[in-house]
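Asks: sequence unknown, structure follows:
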């Protein structure tokens, strides 16, 4: 049976390739898991249309992420924390704190998008990366000041 691969399949081919496989492998594995479509009739044209639509969606999402990145780079968040002797913080500023502050300023971000390796436990200014899309991150300036 001839099929068109919708995604890369190891040992078989890359996305978009037309390959011949056993009927059972196609019917029982590739087609139900949406890894391929049958290469009958105008399947190539349908695949190209799907691919074009997918590229258009990705391009639009990338442009929106770049616009959001430009807006987020202008943001400066300030956290007032209690400090003990020797500049030791009581508590810390975590990724969820940064996420909540961004949401309060009107940005729609998830907590896992805030790429803070460990909570901030010192006074000062920090650049916290926020993942927006594939390889696009926006550095957000976070100020931790004495209360």
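Replies: That came in fine, so what should we check first? All of these numbers come straight from a predicted model, not from anything done at the bench. Numbering: from 1, shown residues only.
Asks: and stretch 137-147, what's buried?
Replies: Buried residues in stretch 137-147, counted by 16 or more other C-beta atoms under 10 Å: 137-138, 140, 142, 144. Bear in mind the C-beta positions are built from the backbone N, C-alpha and C, glycine included.
Asks: report the central residue of this structure.
Replies: In the chain, the residue lying closest to the centroid (C-alpha atoms, centre = their mean) is residue 133, at 4.3 Å.
Asks: please tell me how far that residue sits from residue 113.
Replies: Distance, residue 133 to residue 113, using C-beta to C-beta, to the nearest Å: 10 Å.
Asks: that older thread, helices - which of the buried residues of stretch 137-147 land there?
Replies: If you go by DSSP state H, those have nothing in helices.
Asks: out of these, which comes closest to residue 41?
Replies: Closest approach to residue 41 among those (C-beta to C-beta): residue 137, at 43.5 Å.
Asks: that closest one touches residue 114, doesn't it?
Replies: No. Counting by C-beta atoms under 8 Å, residue 137 does not reach residue 114; the two are 10.4 Å apart.
Asks: overlap of the contact sets of those two?
Replies: 129-131 (C-beta atoms under 8 Å, 6 or more residues apart in numbering).
Asks: quick one: which of those is the most crowded by neighbours?
Replies: Neighbour counts for these (other C-beta atoms under 10 Å) peak at residue 130, which has 25 neighbours.
Asks: flag every buried residue along stretch 65-78.
Replies: Buried, per 16+ other C-beta under 10 Å, within stretch 65-78: 65, 68-69, 72, 75, 77.
Asks: check stretch 1-21 too.
Replies: Buried residues in stretch 1-21 (16+ other C-beta under 10 Å): 1, 3-6, 9, 13, 19, 21.
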